[in-house]
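Q: Prediction below, plus the sequence it came from.
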Amino acid sequence: MTTFKLTRGYDLKLKGGLTTGEVDGMAKLSADYAVVPDDFTGITPRMDRKAGEAVKAGEPLYHDKNHELVRVVSPVSGTVKEVRRGERRKIEAIIITPDDQHDNRVTLDLKRPAMEVLLESGLWVMLRQRPYDVVPNPDVRPRDIFVTAFDSAPLAPSLRTVMGEREKYLAKGVEVLATLTDGKVHIGCRPGEELDVAGAEVNVFDGPHPAGNAGVQIAHVRPVNKGEVVWTLDVVTLARIGELFTTGMVSHDTVVALTGECLGQPRMVRATMGCRMSSLLNGEPLDGARIISGNALTGVRVEANGWLRAPYRHVTVIPEVSKPDEFMGWASLSPKRFSLYRDFTSWLTGNRKPVSLDARVKGGERAIVRLDEYDRMLPMDIYAEFLIKAIIAFDIDKMEQLGVYEVAPEDFALAEFACTSKLELQRIVRQALDRMRTEMS
Amino acid sequence: MKSLRKYMNKIKPAFMPGGRLAKLQSVYDGMETFLFTPNTTSASGVHIHDGNDLKRTMITVVVALLPCLLFGMYNIGLQHFLAIGQPAASFWTMFLYGLLALLPCIVVSYVVGLGIEFIAAQIHHKEIQEGFLVTGILIPLIVPVNTPLWMVAVATAFAVVFAKEVFGGTGMNIFNVALITRAFLFFAYPSRMSGDTAFVKTDGILGIGDGQVVDGFTGATPLGQLATHVGDTLQLNNVVGTPIGTCDAFMGTIAGSPGETSMVAILIGAALLLITGIASWRVMCSVFAGGLAMAAVAHACPTPAYAASLLDPLAQLCYGGFAFAAVFMATDPVTGARTRIGQYIYGFMIGVLAILIRVYNGGYPEGAMLAVLLMNAFAPLIDHCVVSFNIKRRARRAAAK
C-alpha cells in the first residue's frame, strides 16, 4: 500500500451536507424510468427496442453503432414508452414504464469469457477509458485498471455507503477485471477508509478534492502515455461486476444521496437507476432551485420532472439565483461572499463553515489573466493553463506533448469553479477530446 | 437600489440592437455589469462559481496603487513649494496643488484609454474588459508631471491600440501597456521626458502656488544628477541643492515621476498585492534580488565614469522607478512569465537588467522601464523552456515503457 500526499486542490464545503451515514429508507416508486445516452459518452446509439416493445431488466435498449457488443440495458422490466428525440433526431432519452415484475430480469451464462458477459450485462458502459474519457473500446486491452473508492466532490456520499452490502463482491470483481488487463487493478482509497481486496493494488490518496478523481490517481500511480489505454471505474461498479460474476445478474438498485442547501433534510434513499427526480425529492417545494444530478461541479442540470442520471448516486439542489440584481457584487467586503482568493474577505474567517453558493457565474468571460489558477486546483504533473491554451487552439501536437491523454473534463471542474476569467473549461476539454478522438481514429 | 435597477431597465431598450443608441450598447452593458452582478447562471460545466472575477482583481490593483497616487500628489506639491522657496506651505496646500496638477493627466488617460476600449468592445460585440482600469491609473503615475496633456493622449492611444487591441485586448497583450505609453513618450519626445524641467512643476495652478523659483533651483531627479555626475565623491541633492540621502528616497520626498518616488507607499501597495495573491511573490522578490545582486556587483567596483556605481545597493533600489516597476510592472501576470520556475528567472533578469542599464548606460538614467519591456519580450521564451522540461519528461516516460 502506497500513500500519496496531495497538496493541490480544494475541499469545497457547501451547505446541505449529509449528517448521517445511514440510508433513510426507500424512495417513492417512480412512474417511469429513463436511460439518457448522453451519460455514456463515446457511444453512437442504434436502437434495439422500439416504443411499445416490452423489455426485461437487463435487456438491451440500444447498442453502439461501431461495436455491436457494447450495449446499454434497461434498468427495469416494463415497456418502452417513448424514444425521445431532439434536434437532428438525436436520442435524448429512452423512457420505460415499469411493470410490477421485479424478478423479470436477465440471467447471464457465466461460463462464457468474462469480456462477453461484461459487455452483455450492460455494466460495460459504466467503465471509462483514458484517453478521451469515453466508454472503453472492447478491442483494446488496457494497460491497467484504476478503481476509485471515494468521491471527493462537494457533498458527495461515501461510496462505501452507496455500495452497501455489495462490498463482499469486491474480491470477485477484482478477480474478473484482473483477467482483462496485463497490468494491475489499482484501487485508490481515502486515508482511514482503506479497502483490503485480494488481488488489487491499494493506494491511499491523502488530500483535498480532486483526489478522488481516477485521473488524478492515475497521474500519481502510473500516468497514461501516448498509445496506452487504461480503464477507470468507481468502486460501486466494481462491486456490481463482482455481483454479476457471482449471481449471474446485475441489480440496478442504488443508493442516492440527496444534498444541497435547498433541501429541508439532506438524506440518502434507496432507488433504482434512472428513476424520476420527483420520486426522490418527494414533492419538496423547490421553486427557484437548480436540481443537479451529480455533484455541483460535474453534475448535469435536470428539471424537476427529469430523471436521475449516471452515475446514479448523487443529487444536489442549490439556489439558482440567491441574490437577484446584487448591487456591485464585485465590490463586496462581506466575508459571506465566498471566494478561494484573498481579494475577498471570506478567507479571514478561515472558510471553515459550509457556504451557500448559487448558480450565478458572477462575472463575464475574459482571457486568462491571473497566475496559477488552474495549476493550484489540478494535482497532476501537467501545465494546465498551457494545455488549455493548446486545446483552445486545437494544436494536436502540443496537446499530446502537454498530456491531453491523461485528463478528463472532470479533472478541470475545480479549476473551472476557481477561474476568475469564467472559462467553461469542462466544455472546452470535452469538445477537444471528442474532436481528437474522431481525428485520431 | 431598486429605483436604479428600474431606471436601468427602462433605458435598456434604447441601447439594444435596433434601438436609438444601439451604437453605445457596450457602454450600457459595461455600466450594467458594473452596477449589478449579472443574474446569468452557468449553462455548462460547473454549477457554482467562485465569487471572484476580473473586475474585483483589477480594482484591487487600483486600490493597491492608491497610496502611491496620494503620496504622488503630495510630493508634486512638496517639490513645487520647495522650488518656489515656500517649504513651510501646509500639507493640504501641497496636496491640493498636486491633486490639481495630476488630475488632468488621470482624466486624459482614462478618457482616451477607456474610450478606445469601449469602441473596440462595440466593434467586436464583446463585453468591455477591465484591463484599462489599472493601466489608466499607472500612466499618470509613471509619466513626468510636466508632460503636456496632448502627449499623454497620443501616447495612451498609441499604446492601447498598438500594444493591446491589435493583440486582442486585455489578457492578450505581449507588452505592458502602461510601459509602452512611457516608452512611446520617451522615444518620441525625449527632450520633454528627461532633464531638469520634466519632473517638477513650477507654475501655479488656479492661483495656488504662484511664485518665482528660487535661485539655485534645479529640477533634476537624483538619477538625472547621476547621469551628469563627474568625480569620485557622490552627493545627491534635492531640487534646491540641499543634500539628500537614502532615507529621503525611501520616504519619497525627492523629485521623480509621481508614483515612483516613495518606497513606503510602494511597499504598502506591494503588501496588498501579495496578501491578496494577485501579484506573484516569486516575481516581486526575484526582481529585488536581481537588482540587489547587480547593484552589489556594480558597487564592488565603483567607477567614477559610471556614477551610479557609487551608490550602495540598497540606495539603488530606493531611487528611481525600480521599486515601482518591481511591484506594479513586473508583476503584471499577462505580460510576465506564467510558469512558477519561469517567474523566478523573469523577475531576476528584470532586476539585473534594470540596474545594468541604469549604471552602465550613461545616456539613460532609468533602466527599470526598458528592463521590464525587454523581459516582456522574453517571457514567452522562458515559459517555453520551462514547459519543454515537462514535455521532455513526458516523452521520456512514454519512451521508457
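A: That came in fine, so what should we check first? Residues are numbered from 1 along each chain as shown, chains lettered A, B, ... in the order given.

Q: C-alpha only now, for contacts and for neighbours.
A: Noted.

Q: care to break the chain down by domain?
A: You didn't pick a chain, so chain A it is. Using automatic domain parsing, the domains assigned to chain A come out as A:2-247, A:255-333, A:361-440.

Q: oops, I was thinking of chain B
A: B:24-35+B:55-213+B:246-278, B:280-394.

Q: Of these, which stretch is the most buried?
A: Most buried of the domains of chain B by mean neighbour count (mean count of other CA atoms under 10 Å in any protein chain shown) is domain B:280-394; its value is a mean of 22.

Q: first to last residue in that domain, what's the distance?
A: 27 Å (CA to CA, to the nearest Å).

Q: distance between it and the chain's centre?
A: 15 Å (CA atoms, centre = their mean, to the nearest Å).

Q: likewise stretch B:148-164?
A: That offset, for stretch B:148-164, works out to 14 Å (CA atoms, centre = their mean).

Q: Provide the contact partners of it at residue level.
A: Contacts of stretch B:148-164 with the rest of the structure, by CA atoms under 8 Å, 6 or more residues apart in numbering or on different chains, involve B:104-105, B:108-109, B:112-113, B:116-117, B:139, B:170, B:172-178, B:180-182, B:184-185.

Q: ok, which of those also contact chain A?
A: B:170, B:172 (CA under 8 Å from any CA of the partner chain).

Q: ok, back up a step: for A:Thr349, find the nearest of the domains of chain A.
A: domain A:255-333 (12.5 Å; CA to CA).

Q: For the closest one, what does the pLDDT average out to?
A: The average pLDDT within domain A:255-333 is 90.

Q: quick one: terminal-to-terminal distance for that domain?
A: Terminal residues of domain A:255-333 are spaced 41 Å apart (CA to CA).

Q: what about it, near chain B?
A: Yes: shown here: domain A:255-333 in contact with chain B (CA under 8 Å from any CA) through A:296-299, A:320-321, A:324-331.

Q: looking at the residues you listed, which has the most residues close by?
A: Among the residues of domain A:255-333 next to chain B, the one with the most neighbours (other CA atoms under 10 Å in any protein chain shown) is A:Ala296, at 33 neighbours.

Q: got a list of what the spatially closest residue to that one that is not a sequence neighbour touches?
A: The shortest distance from A:Ala296 to any non-neighbouring residue, by CA to CA, 6 or more residues apart in numbering or on different chains, is to B:His47 (5.3 Å). Contact analysis of B:His47 by CA under 8 Å, 6+ apart lists A:296-299, A:358-360, B:41.

Q: A:Ala432 now?
A: Per CA under 8 Å, 6+ apart, neighbours of A:Ala432: A:391-392, A:394.

Q: Those residues of the stretch 301-401 of chain B touching chain A, which are they?
A: B:333-334, B:338-339, B:387, B:390-391, B:394-395, B:397-398.

Q: For chain A, just list every one of the helices.
A: A:114-121, A:159-163, A:170-178, A:214-221, A:235-247, A:277-281, A:384-393, A:396-402, A:413-418, A:425-440 (DSSP state H).

Q: Helix, strand or coil: sort out the nearest residue to A:Phe417 once chain neighbours are set aside for me.
A: Distances taken as CA to CA, 6+ apart put B:His49 closest to A:Phe417, at 4.7 Å, once the chain neighbours are dropped. Here B:His49 is recorded as coil under DSSP: H, G, I helix; E, B strand; the rest coil.

Q: In contact with B:His49, which residues are there?
A: Counting by CA under 8 Å, 6+ apart, B:His49 has contacts A:357, A:359-362, A:416-419.

Q: Now do it against A:Ser251, distance only.
A: When B:His49 is compared with A:Ser251 (using CA to CA), they lie 37 Å apart.

Q: what does B:Met251 give?
A: 76 Å.

Q: swap in A:Phe327?
A: 51 Å.

Q: Same check on B:Met263?
A: B:Met263 is 71 Å from A:Ser251, by CA to CA.

Q: Rebuild the domains of chain B as JSON lines, extending it with distance to A:His314 and mean pLDDT.
A: Formatted as JSON lines, the domains of chain B follow (distance: least, CA to CA, whole Å; pLDDT from 0 to 100):
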{"stretch": "domain B:24-35+B:55-213+B:246-278", "distance to A:His314": "34", "mean pLDDT": "89"}
{"stretch": "domain B:280-394", "distance to A:His314": "36", "mean pLDDT": "91"}
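
Q: Quick one: closest of these to A:Thr272.
A: Taking the domains of chain B one by one with CA to CA, domain B:280-394 is closest: 43.0 Å.

Q: ok, A:Asp144 touching A:Thr179?
A: No: with contact defined as CA atoms under 8 Å, A:Asp144 does not count as touching A:Thr179 (10.9 Å).

Q: For the residue in the stretch 101-250 of chain B that chain A sits nearest to, give me its contacts.
A: Nearest residue of the stretch 101-250 of chain B to chain A: B:Gly171, at 5.1 Å (CA to the nearest CA). Residues in contact with B:Gly171 (CA under 8 Å, 6+ apart) are A:366-369, B:131, B:334.

Q: May I see the residues you listed arranged in a markdown table, with distance to A:Leu170 as well?
A: Output for the contacts of B:Gly171, formatted as a markdown table (distance: CA to CA, whole Å):
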| residue | distance to A:Leu170 |
| --- | --- |
| A:Arg366 | 47 |
| A:Ala367 | 46 |
| A:Ile368 | 44 |
| A:Val369 | 46 |
| B:Gly131 | 55 |
| B:Val334 | 50 |
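
Q: What does the pLDDT read for A:Gly350?
A: For A:Gly350, the predicted pLDDT is 80.

Q: Can you list the buried residues in stretch A:326-345?
A: A:326-327, A:329-332, A:337-345 (16 or more other CA atoms under 10 Å in any protein chain shown).

Q: quick check, nearest of the residues you listed to A:Arg112?
A: A:Leu340 (52.6 Å).

Q: isn't that closest one right next to A:Trp347, touching?
A: Yes: taking CA under 8 Å as the definition, A:Leu340 is a contact partner of A:Trp347 at 7.2 Å.
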